[in-house]
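[1] Got a predicted structure here, sequence first:
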Amino acid sequence: MYDVVVIGGGAAGLAAIHSAYDPTLKLLLIEREKTLGGILKQCIHNGFGLHHYKEELTGPEYAERGILSVKDLSFETMLDTTVADVEKKSDIFHITIMNTELGEAVIQAKTVILSTGCYERTRGAIQLPGTRPKGIMPAGSAQRYLNIDGYLVGKKVFILGSGDIGLIMARRMRLEGAEVLGVAEIMPYSNGLTRNIVQCLHDFDIPLYLSHTITDIKGIETLEAITISEVDTHFQPIAGTEKTFEVDTLLLSVGLIPDIKMFDSLKFDVSSLTNGAIVDQRYQTSIPGLFACGNALHVHDLVDFVTEESEKAGRFAKDYVLKTKAEKRQLITIDPGDKVRYVLPQYLDITQNFDETVLSLRATESALRGTFNIHQGETLIHSKKARFVAPAEMERLVLKRSDLVSEAPLKVSFEVGT
Amino acid sequence: MYDFIVIGAGISGALITRELSKYQGSVLLLEKENDVGNHATIANSAIVHSGHDPEPNSLKAQLCVRGNALYEVLEKELNIPLLRTGAFVLAHDKEEEATLDMLYRRSKTNKVPDVHYLSIEEARTLEPNLSDSVTKVLSLPSTKVTYPWEVALSAVENAIMNGAEFRKNQTVTSIDYKDGIFVVKVNKDECLHARFVINASGAFADQVAAMLEQEVPYKITPRRGEYFVLDRRVKGFINRTLYPVPTDKGKGVLLVPQVHGNILIGPNSVFQDSKQDITNTKDGLNYVKEEASRLAKDIPYNQVIRTFTGIRATSTYKDFYISSSKAYPQFIHVAGIDSPGLTAAPAIAEYVVNDLIKKLTPLVRKTNFNPYREKIKMFHDMTPEEKKEAFKNEPRYGRLICKCEKVTEGDVIQHIHRIIPGDTVKGVKKRARAGSGICQGGYCEVDVIKLISKELNIPLKSVNYYHQDTPILLKETKVKK
């Protein structure tokens, strides 16, 4: 029986097991791939670590830091091992794992941390029109083929969606000699970090078509051409605005989704806004002893905050397992209000001792200046002015226990302007 | 020189080839694509219809009801998946109820077993997500669902086990008839000879027929049908096929539970010129959504994992056109096989052999015909004991590569090395389901490419997506030692 099992050995899992570590506890880290580090391994560009390590690192360097940080801690690691199913029976988690040493086996744990990262939204999920030839793939897959396996997937490329991976891959494909004809984004603003728009598109003269989407794909066996159209405010294509590009590759960067499908049997509450678990400020899901962090919880734009969040989740999981008596939760909700897409955590457990907690949230629109407000019931309990707010960039508010005035639900809203 | 050449490895051609392999004589099945069943057979509603819909006394009615019964035999012999779902036909007003009554009478005439009406209350108990606007329900218990593509694959593999020959990537480019022998030219260079030619080339049937016939008695008018696929997490949202009442445009938009737990929603029905343009259109999909809302409420479209388009080989001849050529009797047309073609296919195969070919030539049954094809059991479907045994013999069963559909490396390897190998990324997807889930191959595609490369000993750059010359990995960028 393990005290804590961390599922997923990327940035989140490494930080979680680091802080969950206690010499008296039996810990296990499970990783699907043959090496730790997760998706960072294929992110060979720099820009990681500015917040957490106060220096600029590449993805593999950032991963290396995480791996080194746990090197001297004594816990078990299972590599090349996939979790097929997790069930909870009478307070114990039963984790079905698979690898080539054990075949299928079940291990038990008192606490589980989900740090399984996210997967890329597909063309099927966004119901892209046109044919279905070879040459259309998620940008992250192309990144993996290029940076890990060493293969270029196309020579004339268009990118749908301005998520960060799409922007990074626009530059990366160009550097490898491919022609990148443009990036189309259905929203009137980019979904990537500003620095990526500048460094990956502007610096390479790659056009960004805002308020555009793909309206046709041609080619039966291999991709031959794509057509983009401008969209109106209801995201409907405007006739007469079509532009056609002859390409052999279409990369999709149309969103990331927490990868928690293998935990379906647990039936914990999932947010329709984040597609990840609903958690309290300890990152505990609706199932006691089950914690979630990193991109498996909600998709981050900076790995630094994945690390920060996962360290907390690991610590709370450790506290949970070390605590001897059963606890009762008393939850108050934290809801997104006006111009806020989501807030995480979704609950505050007021039975817990805490001085402050960080709320992660995203605005629904861009603004040069604005104010984030937290109301409890009708009372404004916290305000924070913000600059350069964009839906693509996660915002963070610090909520102090002393801010609370009642046990009423909390609501976070954004007000554009000074 | 072959006794029989079958053109087209769709569901009809596949089952005809298997039927012929029961008899002495040489059979060759030609397929222009890189795998079996790449057109109508992979992209349809997957329903084994009861036979409530085709006009009485038509070949469609006769072969549909017979075909439905034959699927029970195929299930035992070929180990194909067959879900006994039953179906509801739903009416919404007096006019539609009148059509329902007509269908009821037609079902009786067509000898559809067990057809009956249900009260709205009974229907809702069985299908709680039924649309509120439904007023009357006809139940068709003999309706089933299968995985059509696997039926075609299994049939061809079983035919190969029994001596038939299968060649893919063979486009028939001309057909001549000299001294009682057909000369079938493939890929413009190789000439093959046969006593009989069976033209089961789906949407291309008129084109292939025109290579020989002065006058082709039908024209294929392709009809597009678009679908949504919901993830198998929605399993149980509906448990039966839901039909609206049919119109002159066909059976209409349906909701169909699939053998792997997914739900299909579609199809629309749009005539188009192209025989192979499988474009999905925004309008088409919107139409499907609108129509589907009459069948069930609160359809979970947030669980859509894929959309696709299939092409029906509808012909200008109202019924199936299954007949010996007037000018060249040993050339047999199997054309216009649109719905209920999948259901009828096993009966079409019987009909072609028993009612057409046997009239022209005596056939002698093989004494050693083996009707059985063992299923390649997936690790996930094995009992704990079977899992242990399988893992002992093949440790790669322990590596789960497709988390969505729970497919292991061992499973994929079995499918790479089966009689008709899964030697492409989509070929593996269709056989082993790796890549059929919510991430659509985002995780496992790389593993599948590497496995194909390793198992078949071909370079990574030669592993195709599906068709010939469609490699995913184009150019090496890293310097290799």
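    Right, received. Where do you want to start?
[2] Output the below-cut-off pLDDT ranges for chain B.
    For chain B, the stretches flagged by pLDDT under 70 are B:481.
[3] Report the residue ranges of every domain in the chain.
    In the absence of a named chain, this looks at chain A. A:1-120+A:255-327, A:122-254, A:329-418 (automatic domain parsing).
[4] let's do chain B instead
    Split by automatic domain parsing, chain B gives B:1-81+B:145-220+B:313-375, B:87-141+B:223-311, B:381-462.
[5] Pull the distance from the last one to the chain's centre.
    Averaging C-alpha coordinates over domain B:381-462 and over its chain gives two centres that are 22 Å apart (Cα atoms, centre = their mean, to the nearest Å).
[6] and what of the longest one?
    Here domain B:1-81+B:145-220+B:313-375 is found 13 Å from its chain centre; the criterion is Cα atoms, centre = their mean.
[7] re earlier: generate CSV for the domains of chain A, with mean neighbour count, mean pLDDT and distance to residue B:302 as supplementary columns.
    No exception for glycine: its C-beta is placed from N, CA and C like everyone else's. Conversion of the domains of chain A to CSV gives the following (neighbours: other Cβ atoms under 10 Å in any protein chain shown; pLDDT from 0 to 100; distance: least, Cβ to Cβ, whole Å):
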stretch, mean neighbour count, mean pLDDT, distance to residue B:302
domain A:1-120+A:255-327, 20, 96, 8
domain A:122-254, 20, 96, 9
domain A:329-418, 16, 95, 16
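[8] closest one to residue B:370 among those?
    Smallest distance to residue B:370 across the domains of chain A (Cβ to Cβ): 32.3 Å, for domain A:1-120+A:255-327.
[9] Between the two ends of that closest one, how far is it?
    21 Å (Cα to Cα, to the nearest Å).
[10] cool, stretch B:21-38 as well?
    Start-to-end span of stretch B:21-38 (Cα to Cα) is 22 Å.
[11] how about that stretch, does it reach chain A?
    No - under the criterion of Cβ under 8 Å from any Cβ of the partner chain, chain A is not reached by stretch B:21-38; the shortest gap measures 9.1 Å.
[12] which parts of that stretch are buried?
    Within stretch B:21-38, the residues that count as buried by 16 or more other Cβ atoms under 10 Å in any protein chain shown are B:21-23, B:25-38.
[13] what are the phi and psi values for the nearest residue to residue B:119 once chain neighbours are set aside?
    In space, and not counting its chain neighbours, residue B:119 is closest to residue B:137: 7.9 Å by Cβ to Cβ, 6 or more residues apart in numbering or on different chains. Backbone geometry at residue B:137, expressed as degrees, to the nearest 10, gives phi -130, psi 130.
[14] before we move on, back to that, out of the domains of chain B, which gets nearest to residue A:48?
    domain B:381-462 (22.1 Å).
[15] is the closest one up against chain A anywhere?
    Yes - counting by Cβ under 8 Å from any Cβ, chain A has neighbours in domain B:381-462: B:387-388, B:391, B:395-400, B:403-404, B:406, B:408, B:437-440, B:442-443, B:445-446, B:460-461.
[16] Buried ones only from these, please, as a PyMOL command.
    Selection of buried members from the residues of domain B:381-462 next to chain A for PyMOL, criterion 16+ other Cβ under 10 Å:
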select buried, chain B and resi 387+391+395+396+397+398+399+400+403+404+406+408+437+438+439+440+442+443+445+446+460
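[17] May I have the secondary structure class of residue B:389?
    Put simply, residue B:389 is helix when judged by DSSP: H, G, I helix; E, B strand; the rest coil.
[18] Compute the distance between it and chain A, please.
    Remark: distance between residue B:389 and chain A (Cβ to the nearest Cβ, to the nearest Å) = 10 Å.
[19] Can you get me a residue count around that residue?
    13 (other Cβ atoms under 10 Å in any protein chain shown).
[20] Ok, the one 3 residues further on next?
    Neighbour count of residue B:392, defined by other Cβ under 10 Å: 10.
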